[in-house]
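> give me coordinates for this.
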Amino acid sequence: MREEHQSFDITVIGGGLAGVCAAVAAARLGQRVALVHNRPVLGGNSSSEVRVWVCGGTAHGVNRYARETGIMGEMLVENQYRNPLGNPYLWDLVVLETVRSEPNLSLFLNTDVYEVDVYEDGGQQVIRSVTGWMTGSERRIMFSSDIFLDCTGDGLVGFLAGARYRIGREAKSEFQEDWAPLVSDDITLGSTLLFYTKDAGEPVRFVAPSFARDIEAAGLPMRRVIQSGDNGCHYWWIEWGGELDTLHDNERIRDELWAVIYGIWDYIKNSGKFGAERLTLEWVGSVPGKREYRRFIGDYMLTQNDIVAQTPFNDRVAYGGWSIDLHPPQGMYAKERGSKHRHADGNYHIPFRALYSVNVRNLLFAGRNISATHVAFGTTRVMGTCAVMGEAAGTGAALCIQYGIRPRELYRFRLRELQLTLLRQDAAVLGLCVPDEQNQAQSAQVRASSWMSRIEITESAGMQRLERDAAVLLPFWTRSGKLELLVDVEEATKLELEVWSTGRPENYIPIHCECKAAAEVQPGQKQWAAFEIPWEPEEAQNAFVIIRSNPAVALHWSDAAFTGVLSFEWDEAAARKDSGFDQPVVIWSQRGRVRRPFCVRSDAGTAYAPQNIIDGYNRPYGGPHSWVSERMKDGAEEWIALEWPKLQSVREIQVIFNDDVNEDLINLHHHRTPFETIPELVADYRLEARCRGSWTLLFHEAGNRKRRRVHRLEVPVSTDAVRLVIERTNGALSAEVVAIRVYE
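All right, here's what the predicted structure looks like:
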């Protein structure tokens, strides 16, 4: 046996997406980081070993402008370019390369931590080191650090360190959660195995193993989705073990899941009901995808009420958006529906206090083991949300090392610096605007070659009859005005609409009716129906405009996306009380309308003005918060410039381009977008500085496909202006920039 002792500033245990993002975030901030993972590949449940697609804030297209940014966003956008078919092994490579590209990060795969050295100080536990065994290498490695992060999912490190935790469901009376049971118990969500199929091109025989379940005799509800050709996460409901111990009974749970998978496949292949003669099994999972085990206790425990109320914590450092998604304890053998869902009205916030231990002084955590009740965990557990919590925890850990403090002290004394650092990293936080005194851009005057002062979506690609209500969301900027819709009319009628406010800047649903308007329209094609809108809000915000159904009218829609403008349709099936989805964000659906807005004309006010790039926001929040130029003509360039009355010493320029966070990207096979690079992203650009009255080239980039770009000069430049010149986009008709930051 080879004994080793490794010393790092921070040790992250667990290489799922939470651990990956935590380790990368800390390493990028200059700390020496060890990432220790007990599997041969990174990615946890998203890896090729388990193959669960990454869900998060978008809730598969339910929430608007909700896709994660930061490290998770980087990986999704890169995967979209490299891996449009959703190959699980290529996703493994995207995650692995994200880790290996960081010089401050050391990766230890196949290393299972089983020992934690702890001492007591002032009534609290402190971790001195953790020790792991590297399978296949006969290396016993001790990792010493000042800060540790438990991103193991099951929470083994925190458990061995004596961190307080919970398992199972809290009673309704403890946190007044109406989805909690009356009496607490130790029931958890179960585990799942998945499988893939493929068409072999010729008939393929399948002989079931002796342990395969007869799924009809076993009592598996036959109303579950069983159909030829489906694979992977379409079978998420093959779940079991919630009434067992999902940790210690892991082998038993795996065997039962295998038995059911082979029984399902025997039924598909040999029942004669599916036409599956040429299909064969391509892959069957062997590592159960766990959903739940220990949940640590932090200084705050997130609850169902926080999720539903979208509590705007002062220490918010991440967000989520998946529904509260709870499954019956019996899993695949349950007679009731396989899951029940409750959505908030939009994205909810996650506090930093839920990411560190209440009693282990130097322990943070991220992933499904954070400080949350069982009900709240029903939404925080999905991997996209785990990842952004990981980035927040890793960033917090790095600042703890930088200042020689503990996580609780970071919350108490340096919270704003933590949030500002997350903003500088373009991390996934909502509604934060923290003054950045070091950002020279905030004192600059901003000018641009042009900007979009009107919303003009005029080129029709098709029509939709108003047989049900439809809606348009667009920025509405403190003045009354006119709104026009492009319509076809069969007979003289009155077209009615209502203007609703959305209640919260992070929400995109109708909450309060502010005014109504109507237009008398006559028979004819492609005519603009004009509405006078008398609403004058006190502050700039989005307006949710509901167009009431009228079968005599058809709305025209365009196939050209327009930043800040969304279109919706009323989903009658979801609106039924027995649907299980009768919640506003589901009822008002964008499915079929993504990048296909209704044709509309309206004044845009300053929604797309140049000064938006220094307003401190990194993503939509009550409006676009970005600069959008007028339509770029062939070969023409657009530019935006920061100008100062006196010379500035500039060493670093950060640019955040718009990559349309409304677009729901996926890492594997759930769906495919029609493009491999986000069209709104700027492709070719120059950064220039004005020195002694002349523009000097600093950087030139071609073929960009990233949202956040950081450009550092070897030697600072003395300048009174910095200019970003956009030469070409990846397909969008306008140049779009979210933010520019300039540092000495």
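> what's the spacing between residue 193 and residue 264?
For residue 193, the distance to residue 264 equals 11 Å [Cβ to Cβ, to the nearest Å]. Using the backbone N, CA and C atoms, a C-beta is placed for each residue, glycine as well.
> what is in contact with these two at once?
Shared contacts of residue 193 and residue 264, defined by Cβ atoms under 8 Å, 6 or more residues apart in numbering, comprise residue 238.
> list the buried residues in the worst-scoring helix or strand of the chain on mean pLDDT.
Lowest by mean pLDDT, DSSP states H and E among the helices and strands of the chain is helix 572-575, with a mean of 85. Of all the residues in helix 572-575, those buried under the rule 16 or more other Cβ atoms under 10 Å are 574, 575.
> shaky segments in the protein?
Residues of the chain that meet the criterion pLDDT under 70 lie in 478-480.
> can you map out the helices along it?
Along the chain, the segments classed as helices by DSSP state H run 17-28, 70-82, 88-100, 156-161, 172-175, 250-270, 304-309, 374-380, 383-403, 407-413, 415-424, 572-575, 584-587.
> could I get those as TSV with distance to residue 3?
Converted to TSV, the helices of the chain look like this (distance: least, Cβ to Cβ, whole Å):
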stretch	distance to residue 3
helix 17-28	24
helix 70-82	34
helix 88-100	26
helix 156-161	20
helix 172-175	46
helix 250-270	29
helix 304-309	46
helix 374-380	38
helix 383-403	26
helix 407-413	31
helix 415-424	37
helix 572-575	59
helix 584-587	54
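> quick one: which of those is nearest residue 226?
helix 250-270 (6.2 Å; Cβ to Cβ).
> mind checking how far the residue nearest the centre of the chain is from residue 151?
Central residue of the chain (Cα atoms, centre = their mean): residue 68, 3.2 Å from the mean position. For residue 68, the distance to residue 151 equals 16 Å [Cβ to Cβ].
> count residues in the vicinity of residue 209, would you?
10 (other Cβ atoms under 10 Å).
> and if you look at residue 538?
6.
> and what of residue 210?
Count around residue 210 with other Cβ under 10 Å applied: 6.
> follow-up on the earlier one: quick one: which of residue 193 and residue 264 has more around it?
residue 193 (23 against 20).
> wait, that one sits on residue 256?
No: Residue 193 lies out of contact with residue 256 (Cβ atoms under 8 Å); the separation is 9.5 Å.
> hmm, back to that, contacts for the least confident helix or strand of the chain?
Outside of helix 572-575, the residues within contact range by Cβ under 8 Å, 6+ apart are 468, 579, 581, 582, 583, 586, 587, 589.
> drop anything exposed from those residues.
Buried by 16+ other Cβ under 10 Å: 581, 583, 586, 587, 589, out of those.
> what's the first-to-last distance across stretch 344-351?
For stretch 344-351, the first-to-last residue distance is 17 Å (Cα to Cα, to the nearest Å).
> buried sites along it?
In terms of neighbour count (16+ other Cβ under 10 Å), stretch 344-351 has its buried residues at 344, 345, 346, 347, 348, 349, 350, 351.
> could you dump stretch 255-268 to PDB, C-alpha only?
Taking C-alpha atoms only, stretch 255-268 is exported to PDB below (Å, rounded to 0.1, in the frame of the first residue of the first chain):
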ATOM      1  CA  ASP A 255     -31.100  -5.900  -8.100                       C
ATOM      2  CA  GLU A 256     -34.900  -5.100  -8.000                       C
ATOM      3  CA  LEU A 257     -34.400  -2.300 -10.500                       C
ATOM      4  CA  TRP A 258     -32.600  -4.600 -12.800                       C
ATOM      5  CA  ALA A 259     -35.300  -7.300 -12.500                       C
ATOM      6  CA  VAL A 260     -37.900  -4.700 -13.500                       C
ATOM      7  CA  ILE A 261     -35.900  -3.300 -16.400                       C
ATOM      8  CA  TYR A 262     -35.400  -6.700 -17.900                       C
ATOM      9  CA  GLY A 263     -39.000  -7.500 -17.300                       C
ATOM     10  CA  ILE A 264     -40.100  -4.300 -19.100                       C
ATOM     11  CA  TRP A 265     -37.800  -5.100 -22.000                       C
ATOM     12  CA  ASP A 266     -39.100  -8.700 -22.200                       C
ATOM     13  CA  TYR A 267     -42.700  -7.300 -22.300                       C
ATOM     14  CA  ILE A 268     -41.800  -4.800 -25.000                       C
END
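> can you give the strand pairings for the strand of greatest length in the chain, parallel or anti for each?
Secondary structure of the chain per DSSP state E: the longest strand is strand 708-729. Paired with strand 708-729 in the same sheet, following DSSP bridges, are strand 638-657 (antiparallel), strand 682-691 (antiparallel).
> so how far is it off the chain centroid?
What separates the centre of strand 708-729 from the centre of its chain is 29 Å, taken as Cα atoms, centre = their mean, to the nearest Å.
> again, but for stretch 715-733
Per Cα atoms, centre = their mean, the centroid offset for stretch 715-733 relative to its chain is 28 Å.
> give the contact list for the spatially closest residue to residue 234 that is not a sequence neighbour.
Distances taken as Cβ to Cβ, 6 or more residues apart in numbering place residue 225 nearest to residue 234, at 6.3 Å, with adjacent residues excluded. With contact set as Cβ under 8 Å, 6+ apart, residue 225 has these partners: 234, 235, 237.
> and the second one, how many neighbours does it have?
Here the neighbour count serves as a burial measure; for residue 235 (other Cβ under 10 Å) it reads 20.
> for the first one, same thing?
Residue crowding around residue 234 was assessed by other Cβ under 10 Å; the count is 15.
> quick one: residue 86 and residue 667 touch, right?
Yes: counting by Cβ under 8 Å, residue 667 is a contact partner of residue 86 at 6.8 Å.
> for the two, list the residues in contact with both.
residue 53.
> more crowded one of these two?
Neighbours were counted for residue 86 and for residue 667 using other Cβ under 10 Å; residue 667 has more, 27 against 19.
> am I right that that one is in contact with residue 48?
No: here residue 667 lies out of contact with residue 48, judged by Cβ under 8 Å, at a distance of 10.9 Å.
> residues of the longest strand of the chain that come out buried?
For strand 708-729, the neighbour count (16+ other Cβ under 10 Å) marks 708-710, 717, 719-729 as buried.
> domain boundaries for this protein, per the record?
Following automatic domain parsing, one finds the domains of the chain at 2-168+345-424, 191-284, 440-451+608-743, 454-603.
> closest to residue 175 out of those?
Comparing those under Cβ to Cβ, the one sitting nearest is domain 2-168+345-424, at 5.7 Å.
> and the closest one, how far out from the chain's middle?
16 Å.
> again with stretch 622-630
21 Å.
> re earlier: which one of the helices of the chain lies nearest to residue 554?
Comparing those by Cβ to Cβ, helix 572-575 comes nearest, at 18.5 Å.
> send the alpha carbons of that closest one over as PDB?
Extracted as PDB, the C-alpha positions of helix 572-575 are listed here (Å, rounded to 0.1, in the frame of the first residue of the first chain):
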ATOM      1  CA  GLU A 572     -56.600  24.100 -21.500                       C
ATOM      2  CA  ALA A 573     -55.400  20.600 -20.500                       C
ATOM      3  CA  ALA A 574     -53.100  21.900 -17.800                       C
ATOM      4  CA  ALA A 575     -55.800  24.300 -16.500                       C
END
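> quick revisit: and the helices of the chain, which is most packed in?
Using mean count of other Cβ atoms under 10 Å, the stretch among the helices of the chain with the largest mean neighbour count is helix 17-28, at a mean of 31.
> on contacts alone, who are the packing partners of it?
Contacts defined by 3 or more Cβ pairs under 8 Å, 6 or more residues apart in numbering; DSSP states H and E place helix 17-28 against strand 10-13, strand 33-36, helix 70-82, helix 88-100, strand 105-108, strand 147-150, helix 383-403.
> excluding its backbone neighbours, what's nearest residue 471?
With sequence-adjacent residues excluded and distances taken as Cβ to Cβ, 6+ apart, residue 471 is closest to residue 568, at 4.2 Å.
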